[in-house]
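Student: Quick one, fold the following:
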Amino acid sequence: MKVWLVGKDGQLGQSLIAYFKQNSSLLNARFKIQSTNKSDVDICNSASVSRYMAMFKPDIIVNAAAYTNVEQAETDIELCREVNLLGTNNLAKAASHYKIPLIHLSTDYVFDGQSVSPYLETDDTQPLNTYGETKLLSEALIRAELKQHLIIRTSWLISQYGNNFAKTVLRLSKQHSQLAMISDQQGCPTFADDLSAAVFKLLMAIDSGQADWGTFHYCGSRAMTWFELTQQILDEALKHKKINSKPEVVAISSEAFALHANTKALRPKYSVLGCQKIKQVWGITRPDWTCSLKRLVDKL
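Tutor: As a prediction, the model looks like this:
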């Protein structure tokens, strides 16, 4: 199976490439991975996408490319819409034209956070910010364009790559004796390596003939607040000797943080995703969060 991985420089893109290399003895016989970034193929340009499709002739597309800066999206609206809508639409049209599947990564931010129980794939969506709105619209474009799609919503992605919450916490812990973290937003942190393993399980199942298309949720196995996640990262970092001392972590409300940091983007207070469907349909289970956290911090 020839796989076109779009977005090789992002957190998930880098993690997918690393996962493939680490498991090359198992995966090389089944997959040929071609990964690209914007300088290789501009997905916002339909001609660029068409040229690449004609040259590489992939059997499936994995779209890990997106505009993900939630805060900046509130002022950089046009670029956010261009990448998340036009780019996704071009990929969906190309997949439809060549009659191949598309795996597309989406987000928990399609929900408004008013639920008190984990969100299911069938629950109503009502994004609170521009990023969430564009990701929700990109889902609709894919559904309208082709049947052979998997939309995978995930949440709070963290890894050893790029800019993300886990790396920021470690950096700030070395600069400050006290950290203020939001304690009234709850979600499920997702280690990008775990999500990469899930994506490759999907690819193997598709390669074997499974075709249960649709929308699925996949995230870390434990719900928590940013305050709780910070505590866990720092505790584990101390064990791994990534930091010499642990700063005091102070709980702060979303409203107080927004006022202090002058943020514009609203975030859902509760965005825990229910992941029963992906387990039932595709047989994909989530690792224990404690193990994922240990593996993450070890790589930071």
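Student: For the helix or strand of the chain with the lowest mean pLDDT, list the C-alpha coordinates in PDB.
Tutor: Scoring the helices and strands of the chain by mean pLDDT, DSSP states H and E places helix 24-27 at the bottom, with a mean of 84. Provided in PDB are the C-alpha atoms of helix 24-27 (Å, rounded to 0.1, in the frame of the first residue of the first chain):
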ATOM      1  CA  SER A  24      10.200  -1.000   9.800                       C
ATOM      2  CA  SER A  25      10.700  -4.700  10.000                       C
ATOM      3  CA  LEU A  26       6.900  -5.200  10.300                       C
ATOM      4  CA  LEU A  27       5.700  -2.300   8.100                       C
END
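Student: What are the buried residues along it?
Tutor: Neighbour counts over helix 24-27 (16 or more other CB atoms under 10 Å) mark residue 27 as buried. Backbone N, C-alpha and C define where each C-beta goes, glycine included.
Student: what's in contact with that helix?
Tutor: With CB atoms under 8 Å, 6 or more residues apart in numbering as the test, helix 24-27 has contacts from 20, 200.
Student: And the next helix or strand past that helix?
Tutor: The C-terminal neighbour of helix 24-27 among helices and strands, as given by DSSP states H and E, is strand 32-36.
Student: what angle separates the helix or strand following that following strand from strand 32-36?
Tutor: Going down the chain from strand 32-36, the next helix or strand is helix 46-56, by DSSP H and E. Counting by axes from the mean of the first three to the mean of the last three CA atoms, to 10 degrees, helix 46-56 points 160 degrees away from the direction of strand 32-36.
Student: Whichever helix or strand comes after helix 46-56 - what's its average pLDDT?
Tutor: Remark: after helix 46-56, the chain's next helix or strand is strand 60-63, criterion DSSP H and E. For strand 60-63, the mean per-residue pLDDT is 98.
Student: Report the buried residues of the following helix or strand past strand 60-63.
Tutor: Next helix or strand after strand 60-63 toward the C-terminus (DSSP H and E): helix 77-81. Residues 80, 81 are the ones in helix 77-81 that count as buried (16+ other CB under 10 Å).
Student: packing partners for helix 77-81?
Tutor: Under the contact criterion of 3 or more CB pairs under 8 Å, 6 or more residues apart in numbering; DSSP states H and E, helix 77-81 touches helix 130-145.
Student: Check the model's average confidence along the helix it packs on for me.
Tutor: 98.
Student: for stretch 242-254, same thing?
Tutor: When pLDDT is averaged along stretch 242-254, the result is 94.
Student: before we move on, what about stretch 198-208?
Tutor: Per-residue pLDDT over stretch 198-208 has a mean of 97.
Student: Need the contact partners of it.
Tutor: With contact meaning CB under 8 Å, 6+ apart, stretch 198-208 is reached by 1, 3, 12, 16, 19-20, 23, 27, 30-31, 60, 62, 101, 103, 150, 152, 218, 278, 282-284.
Student: Restricted to buried residues, select those residues in PyMOL.
Tutor: Buried residues among these (16+ other CB under 10 Å), as a PyMOL selection:
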select buried, resi 1+3+12+16+19+20+27+31+60+62+101+103+150+152+218+278+282+284
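Student: secondary structure class for residue 290?
Tutor: Under the three-state scheme (DSSP: H, G, I helix; E, B strand; the rest coil), residue 290 adopts helix.
Student: Start from the N-terminal end of the stretch 201-300 of the chain and give the helices.
Tutor: 226-239, 254-261, 276-282, 289-299 (DSSP state H, counting those that start in this stretch).
Student: buried residues in the third one?
Tutor: The reference is to helix 276-282. In helix 276-282, the ones that count as buried by 16+ other CB under 10 Å are 277, 278, 282.
Student: how much space between the first one and residue 122?
Tutor: Taken as CB to CB, to the nearest Å, the spacing of residue 277 relative to residue 122 amounts to 9 Å.
Student: Leaving out the residues flanking it, which one is nearest to residue 4?
Tutor: Closest residue to residue 4 apart from its sequence neighbours, by CB to CB, 6 or more residues apart in numbering: residue 58 at 3.9 Å.
Student: Verify the stated contact: the one you found with residue 6.
Tutor: No. Using CB atoms under 8 Å, residue 58 is not in contact with residue 6, being 10.0 Å away.
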